[in-house]
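Q: Model the structure of this input:
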Amino acid sequence: MTGRKSFKTLTSGFTPGQREQVEAAKVALRGQMSLAELRQARKLTQDALGQTLKVGQPAIAKLEKRTDMYVANLRRFVEAMGGELEIVAHFPDGDVTINNFSELAA
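A: Numbers count the residues shown, from 1 in each chain. Next up is the predicted model:
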């Protein structure tokens, strides 16, 4: 025995309340990802994404590590994974979708 147990085995004794907490945590974690985590969740390699964007794998690795980039580059990255970029500003009295950047894509 390796001492390893499947997640299903570990959670088999959870109460309904604990299961709800786990589900809420999963939803929260899926809502926040780095670009690298997002690419991996979409089951894409850096090389495959680089081919879609017509750049090399090192360029994808570099882009994933950046903390500052042009909106156009981020949009291309997200669209290459099959997504759509939306920029939202959060305020105490509500959220606002910034549409300046969607006009640039057209």
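
Q: Just give me how far stretch 32-42 sits from the chain centre.
A: Computed by CA atoms, centre = their mean, to the nearest Å, the chain-centroid distance of stretch 32-42 equals 4 Å.

Q: What of stretch 71-82?
A: Centroid separation for stretch 71-82 versus its chain: 12 Å, with CA atoms, centre = their mean.

Q: and that stretch, which residues are buried?
A: Within stretch 71-82, the residues scored as buried using 16 or more other CB atoms under 10 Å are 74, 75, 76, 77, 80, 81. All C-beta spots, glycine's among them, are computed from the backbone N, C-alpha and C.

Q: Mind putting those into TSV with pLDDT and secondary structure?
A: Below are these laid out as TSV (pLDDT from 0 to 100; DSSP: H, G, I helix; E, B strand; the rest coil):
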residue	pLDDT	secondary structure
74	93	helix
75	93	helix
76	94	helix
77	94	helix
80	95	helix
81	95	coil
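
Q: Just the closest of the residues you listed to residue 20, please.
A: Taking CB to CB as the measure, residue 81 is the one of the buried residues of stretch 71-82 closest to residue 20, at 30.2 Å.
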